[in-house]
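Engineer: return a 3D structure for these sequence lines:
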Amino acid sequence: MDAEVVGGSGAKVLRYRSREIGDQELRFIRATIERGEGLGRTELAEAICRAWDWRQRNGALSVVGCLDLLRRLAKEGHIELPAPQRGVVRPGRRARIERDYIVDYGAAPVELVPIAEERLGPAELDATQLVVRPIEREERFGWRVYIERYHYLGWRVLVGEHLLYAGFVDGELAALVGWSSAALSVAARDRFIGWNEQGKRERLHLVVNNARFLVLPWIRIPSLASRVLGANLRRLSSDWEQRWKHPVVLAESFVDSSRFRGTCYRASNWKYLGETTGRGKRGNGPRQDRRPKGIFVYELHRRARAILRGEML
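Structural biologist: Just a heads-up that it's a prediction; the model follows:
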């Protein structure tokens, strides 16, 4: 959470995902928790979202974002949350956290799990038969399993707008890609765009973050990573608009320079902008997220920077 003092009154305001949380909002949250004794965290988040009309751009309540805010406020000592009610489902009611964010452990995942962990290369697969598509709902569990097992950062719930993809070569699962909302503060990116603070807050939703990218370790096909990225980027904005009701015009990615050189991004014509300060996407988080990373961007529209600066629609 980014916290800063704004205005001249000296009142401390916490800023979370472009939403300002001041004394009045904190009092309301505390009162909601007190009045809602016996309610779970999800129900409290739903009540707050309705009261504030806090919604995603597709109109759904931003329950997952609100839950993340509540956990952060509790961690910093601003509020006291009820204990999590793990495994509790009330009669006649399934958990109503936005269902696109829930992994349904009861559903039988298809296509993504299981798969034989054999090294497959050009001799076994026809690399010209590449398909990159958004995953189906029932495949989310499989996507999570592979990311958790084979990606060095593991799996994490993507808060807010996001899309998950799978890449198939000759019908075999070969790669997984995850996109999420953009990082709030990236100095090199903001200079590249030419943003002022107001413009960034108004148009940050037009930037998308490459949160996860994994080529499965038993797949050995030259240049496959850059080809998967290219195929994904060609359809990303239209898929995003279909799901979240607005396009995206710039993609960003952060590459751990101590582990990787960003070769697939360079090969896909991404621009290298420099290094981060090591704060992480949301200003805190796991230690591996806080190491300085190389910043890469890709313009999904030929006038991306003009659009982001508000110079054209």
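Engineer: please make it C-alpha for all contacts and neighbour counts, starting now.
Structural biologist: OK.
Engineer: in its sheet, what does the helix or strand containing residue 253 sit against?
Structural biologist: Per DSSP states H and E: residue 253 is located in strand 250-256. Partners of strand 250-256 in the sheet, by DSSP bridges, are strand 207-215 (parallel), strand 293-299 (antiparallel).
Engineer: kindly export the last one (C-alpha atoms) in PDB.
Structural biologist: In other words, strand 293-299. C-alpha atoms of strand 293-299 as PDB (Å, rounded to 0.1, in the frame of the first residue of the first chain):
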ATOM      1  CA  LYS A 293      14.300  -5.900 -12.000                       C
ATOM      2  CA  GLY A 294      14.700  -4.900 -15.600                       C
ATOM      3  CA  ILE A 295      11.800  -2.900 -17.000                       C
ATOM      4  CA  PHE A 296      10.500  -3.900 -20.400                       C
ATOM      5  CA  VAL A 297       7.500  -2.300 -22.200                       C
ATOM      6  CA  TYR A 298       5.700  -3.100 -25.500                       C
ATOM      7  CA  GLU A 299       3.300  -0.700 -27.200                       C
END
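Engineer: which ones are touching residue 74?
Structural biologist: Residues in contact with residue 74 (CA atoms under 8 Å, 6 or more residues apart in numbering) are 80-81.
Engineer: could you dump the strand holding residue 253 to PDB, C-alpha only?
Structural biologist: Extracted in PDB, the C-alpha atoms of strand 250-256 (Å, rounded to 0.1, in the frame of the first residue of the first chain):
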ATOM      1  CA  LEU A 250       0.900  -0.700 -23.300                       C
ATOM      2  CA  ALA A 251       2.300  -3.900 -21.800                       C
ATOM      3  CA  GLU A 252       5.000  -4.000 -19.100                       C
ATOM      4  CA  SER A 253       7.100  -6.700 -17.600                       C
ATOM      5  CA  PHE A 254       9.700  -6.900 -14.800                       C
ATOM      6  CA  VAL A 255      12.600  -9.300 -15.300                       C
ATOM      7  CA  ASP A 256      14.700 -10.500 -12.400                       C
END
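Engineer: about what we covered before: need the strands paired with strand 250-256 in JSON lines with distance to residue 263 and mean neighbour count, can you?
Structural biologist: Shown next, in JSON lines, are the strands paired with strand 250-256 (distance: least, CA to CA, whole Å; neighbours: other CA atoms under 10 Å):
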{"stretch": "strand 207-215", "distance to residue 263": "13", "mean neighbour count": "21"}
{"stretch": "strand 293-299", "distance to residue 263": "11", "mean neighbour count": "21"}
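Engineer: wait, which of the ones you listed is closest to residue 54?
Structural biologist: Between residue 54 and the strands paired with strand 250-256, the tightest spacing by CA to CA is seen for strand 207-215, at 20.3 Å.
Engineer: next helix or strand past the closest one?
Structural biologist: Later in the chain than strand 207-215, the nearest helix or strand by DSSP H and E is helix 224-244.
Engineer: identify each buried residue in that next one, please.
Structural biologist: Buried residues in helix 224-244, counted by 16 or more other CA atoms under 10 Å: 224-230, 232-233, 236-237, 239-240, 244.
Engineer: can you check stretch 251-270 too?
Structural biologist: Burial within stretch 251-270, assessed by neighbour count using 16+ other CA under 10 Å, is assigned to 251-256, 262, 264-265, 268, 270.
Engineer: okay, whichever helix or strand comes after the strand holding residue 253 in CSV with CA atoms only?
Structural biologist: Note on strand 250-256: by DSSP H and E, the next helix or strand toward the C-terminus is helix 263-267. In CSV, the C-alpha atoms belonging to helix 263-267 read as follows (Å, rounded to 0.1, in the frame of the first residue of the first chain):
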residue,chain,number,x,y,z
THR,A,263,16.0,-12.5,-24.1
CYS,A,264,12.5,-13.4,-25.2
TYR,A,265,11.3,-9.9,-24.6
ARG,A,266,14.1,-8.4,-26.6
ALA,A,267,13.4,-10.9,-29.4
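Engineer: residues touching helix 263-267, excluding its own?
Structural biologist: 223, 225-226, 229, 272, 296.
Engineer: got a pLDDT number for the closest residue to residue 272 other than its chain neighbours?
Structural biologist: Closest residue to residue 272 apart from its sequence neighbours, by CA to CA, 6 or more residues apart in numbering: residue 296 at 4.5 Å. Residue-level confidence at residue 296 comes out at 97, pLDDT.
Engineer: what does residue 37 give?
Structural biologist: 69.
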